[in-house]
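Q: have a look at this prediction, sequence included:
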Amino acid sequence: MLAEHVDAVLRAKGIDAWYGEVNAPRGRRAAALERWGARVVDRVDNHTFSWLCHMPIERLTIVRPVPAEPRLLEHAAA
């Protein structure tokens, strides 16, 4: 819902894309982010407290084009 809100704010300002970083277990979140409309442009191993998870963590830098039209979630929240 936060990303959808960011989309709405940026759409209203005429901005067509944004980027951010997401920490995720290696190989698990990238495909979901891409299905959602983001593009993973960089991957870096992240060692900050990853030992607590007992699995490798990576920092994904993503770029998301702002959709021209709001998604259904934005309509439901309004």
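A: Looks like it arrived, so ask away. Residues are numbered from 1 along each chain as shown.
Q: where does this protein have low pLDDT?
A: 71-78 (pLDDT under 70).
Q: show me where the protein has helices.
A: 2-13, 30-36, 72-77 (DSSP state H).
Q: want to try a markdown table for those helices, with distance to Trp51 and mean neighbour count as columns?
A: For the C-beta atoms, the positions are set from N, CA and C on the backbone; glycine is no exception. Shown next, in a markdown table, are the helices of the chain (distance: least, Cβ to Cβ, whole Å; neighbours: other Cβ atoms under 10 Å):
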| stretch | distance to Trp51 | mean neighbour count |
| --- | --- | --- |
| helix 2-13 | 28 | 14 |
| helix 30-36 | 21 | 12 |
| helix 72-77 | 35 | 11 |
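Q: and Met55, which of those is closest to it?
A: Ranking the helices of the chain by proximity to Met55 (Cβ to Cβ) places helix 30-36 first, at 14.7 Å.
Q: what's in contact with that closest one?
A: Outside helix 30-36, the residues that touch it by Cβ atoms under 8 Å, 6 or more residues apart in numbering are 3, 22, 24, 40, 43, 60, 62, 64.
Q: please compute how far that helix lies from its chain's middle.
A: 8 Å (Cα atoms, centre = their mean, to the nearest Å).
Q: just the buried positions in stretch 47-64, please.
A: 50, 57-58, 60, 62, 64 (16 or more other Cβ atoms under 10 Å).
Q: which residues are in contact with that stretch?
A: 3, 7, 17-26, 29-30, 33, 36-46.
Q: show the end-to-end separation of that stretch, please.
A: 25 Å (Cα to Cα, to the nearest Å).
Q: from the buried residues of stretch 47-64, pick the one nearest Arg11.
A: Checking these one by one against Arg11 (Cβ to Cβ), the nearest turns out to be Arg64, at 11.8 Å.
Q: cool, thanks, signing off.
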